[in-house]
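Chemist: I would like the atomic coordinates for the input below:
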Amino acid sequence: MTEDVQYGEFPLKSFLEMTIEGPEPGIGTAHVQIGDHHLNPNGVVHGGVLFTMVDTAMGKATMSVLDEGRFCASVEVNLRFIRPASEGALTAVAEVLKRGRGIVHLQARVTGGDDRLIATAAGTFAII
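Modeler: Numbers count the residues shown, from 1 in each chain. Purely as a prediction, here's the structure:
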């Protein structure tokens, strides 16, 4: 896995030890190896970790279809939790469904290392 260094660094990415890649235009991927700092008091991955992975993967996917000098911002992200995760690797893959003039529509899936579905998401991002 090759990390996309052009997406940029930010403190939450570093804290979560998240890596980001974009294998092709319109696709964004975020990876996290689950550690104790990802868990909530019940011993499963905190929902905020999953949300951050999805939001970041969607941002990466959106940025990959924008013209140079343009940016994006989350407008809405809906996350549906399917099953808990407590160990192993997590991968969020986001895909651009439609790029309009001012809005990008996306979908995403979070899976565990065993490819079991952990969460699904839908989102819209504004083009700035």
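Chemist: Could you pull out the buried residues of stretch 60-76?
Modeler: Of all the residues in stretch 60-76, those buried under the rule 16 or more other CB atoms under 10 Å are Lys60, Ala61, Thr62, Met63, Ser64, Leu66, Cys72, Ser74. Heads up, the C-betas are built off the backbone N, CA and C, glycines and all.
Chemist: What helices and strands are in contact with the lengthiest helix in the chain?
Modeler: Criterion DSSP state H: the longest helix present in the chain is helix 47-63. With contacts defined as 3 or more CB pairs under 8 Å, 6 or more residues apart in numbering; DSSP states H and E, the packing partners of helix 47-63 are helix 11-16, strand 19-21, strand 27-33, strand 72-81, strand 89-99, strand 103-112, strand 117-127.
Chemist: Which residues does that helix contact?
Modeler: Defining contact as CB atoms under 8 Å, 6 or more residues apart in numbering, one finds that helix 47-63 is touched by 4, 7, 12-13, 16, 18, 20-22, 26-30, 32, 38, 40, 71-72, 74, 77, 79, 81, 90, 92-96, 104, 106, 108, 110, 118-119, 121, 123, 125, 127.
Chemist: Fine by me, we can end here.
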